[in-house]
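Student: Okay, predicted coordinates and the sequence, questions at the end:
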Amino acid sequence: SSSFERRVLHPDSSFRSAWNVFMAILLTYTCITVPLRLGFPGMFEGDHNDLYRGVDIFVDCCFCLSLLINFFTAYWREAVLVRNIRLIALNYLKTWFVPDFVSSIPFDTIEFASGTELPIFFRLNK
């Protein structure tokens, strides 16, 4: 087996379970804050704006890291654990990669860095 295959994560490992819970918490945070920011834009400005920006960047980084982790997580196919890195990548690319990738693009950070406001469609992607 290749050196990559020795580093493949088991989908039922304690790390992967903890990561899934952590990502669910971040997703919940995103589901709460995005509508609030769109509906009440001034709510997240002022004294704590740097804190919110820092949390957002952290969340964006975690979503991007999750993409990478998914490329190294084995999966079950008909009661057989697939650990081949190439098959894992192909399976991920054919299934959840596109929605994961689109939802991990940090449009709010891009908007902040560019100084221009993006259309609302781009801010709703998460």
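Tutor: That came through fine.
Student: and R16, how many neighbours?
Tutor: 16 (other Cβ atoms under 10 Å). C-beta coordinates here come from the backbone N, C-alpha and C atoms, glycine included.
Student: go on, L65?
Tutor: L65 has 13 neighbours, counted by other Cβ under 10 Å.
Student: Per-residue confidence at it, what does it come out as?
Tutor: pLDDT, L65: 97.
Student: Against G115, how distant is it?
Tutor: Noted for L65: a distance of 27 Å to G115, by Cβ to Cβ, to the nearest Å.
Student: you'd agree V59 is up against T28?
Tutor: No: at 10.9 Å, V59 does not count as touching T28 under the criterion of Cβ atoms under 8 Å.
Student: For A89, identify the helix or strand it belongs to.
Tutor: Element membership of A89 [criterion: DSSP states H and E] is helix 85-94.
Student: which residues touch that helix?
Tutor: Helix 85-94 has contacts (Cβ atoms under 8 Å, 6 or more residues apart in numbering) with S2, F4, E5, V8, N70, F71, F72, T73, A74, Y75, R77, V82.
Student: Sounds good, over and out.
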